[in-house]
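> Have a look; sequence and predicted model below, questions after that.
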Amino acid sequence: MNLTGQLLLATPSLREPTFHRTVVLMLDHTDEGGLGVVLNRPMEVEVAAVLPPWQPWTTEPGVLFQGGPVALDSALGLVGVPGDGAEPIGVRRINGSLGLVDLDTDPVDVVQSLSGLRVFAGYAGWSSGQLEREIEEGAWYVVDAEPRDAFTDRPELLWRTVLRRQGGDLAFVATFPEDPDLN
């Protein structure tokens, strides 16, 4: 099972604060483990504070996102790459129209080929077999990603939005209160 390009949605039973109601886009998943970024944790720091040349090209709200608890001092650039042509300079496609951009690349050399940019401080990582165990234990729902998920202008609503579009029982989960024990 390769989850690259899929979304992980924290189930209501996952109450650990780092991942409570998170939506994680899996950037890489192999037998050795997995790596993803949390799409719905905007920070109150503009991209210009750490990567000034990229600020003008950053998708609204134009801030850094906390990609996860690992390596918060590193940055990952997630980009939308329309079409299915060759990868632009400095970009590696992940899945479909999503890719990672080398943030050491001059933005002017690549931005004309992009349809969105988000910069993440840190990432979420899992060792070999760890993510599979967490899914089996009921910590995560695995669903298909849509290109707009990574660049939504309402990241605070993303968890509910993605659940609602699943239909059936998962759509119902979107209505769960923040603390299900209070229901």
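Happy to help now that I have it. Numbers count the residues shown, from 1 in each chain.
> where in this structure is pLDDT low?
Of all residues in the chain, those with pLDDT under 70 make up the ranges 179-183.
> quick one, strands of it?
Along the chain, counting by DSSP state E, strands occupy 6-10, 23-30, 33-38, 42-46, 63-66, 70-80, 91-95, 98-101, 116-127, 140-144.
> Could you point out which of those sits nearest residue 169?
Residue 169 lies closest to strand 140-144 among these, at 10.0 Å (CB to CB). Any C-beta I mention is one placed from the backbone N, CA and C, and that applies to glycine too.
> contacts for the closest one?
With contacts defined as CB atoms under 8 Å, 6 or more residues apart in numbering, strand 140-144 is touched by 3, 6-11, 14, 24, 131, 134-135, 162-163, 166, 170, 173.
> If we use 6 Å, what do you get?
Strand 140-144 is contacted by residues 6, 7, 8, 9, 11, 134, 166 when judged by CB atoms under 6 Å, 6 or more residues apart in numbering.
> Can you tell me which of these is closest to residue 114?
Relative to residue 114, the closest of those is residue 7; by CB to CB it sits at 20.8 Å.
> my read: that closest one touches residue 147, true?
No. With contact defined as CB atoms under 6 Å, residue 7 does not count as touching residue 147 (11.7 Å).
> between the contacts of strand 140-144, which has the most around it?
residue 8 (28 neighbours; other CB atoms under 10 Å).
> could you list every residue that touches that one?
24, 140.
> Going forward, count from 670.
Yes, from this point I'll number from 670; that puts the last item at residue 677.
> For it, list each beta-bridge partner.
residue 693, residue 811 (DSSP bridges).
> From residue 703, how far out is it?
Plainly put, residue 677 is 9 Å away from residue 703 if you go by CB to CB, to the nearest Å.
> likewise residue 674?
12 Å.
> Looking only at neighbour counts, state which of these two leads.
residue 703 (22 against 17).
> List the contacts of the more buried one.
By CB under 6 Å, 6+ apart, the contact list for residue 703 reads 695, 795, 800.
> which of these lies closest to residue 776?
Nearest to residue 776 among the contacts of residue 703 is residue 695, at 25.6 Å by CB to CB.
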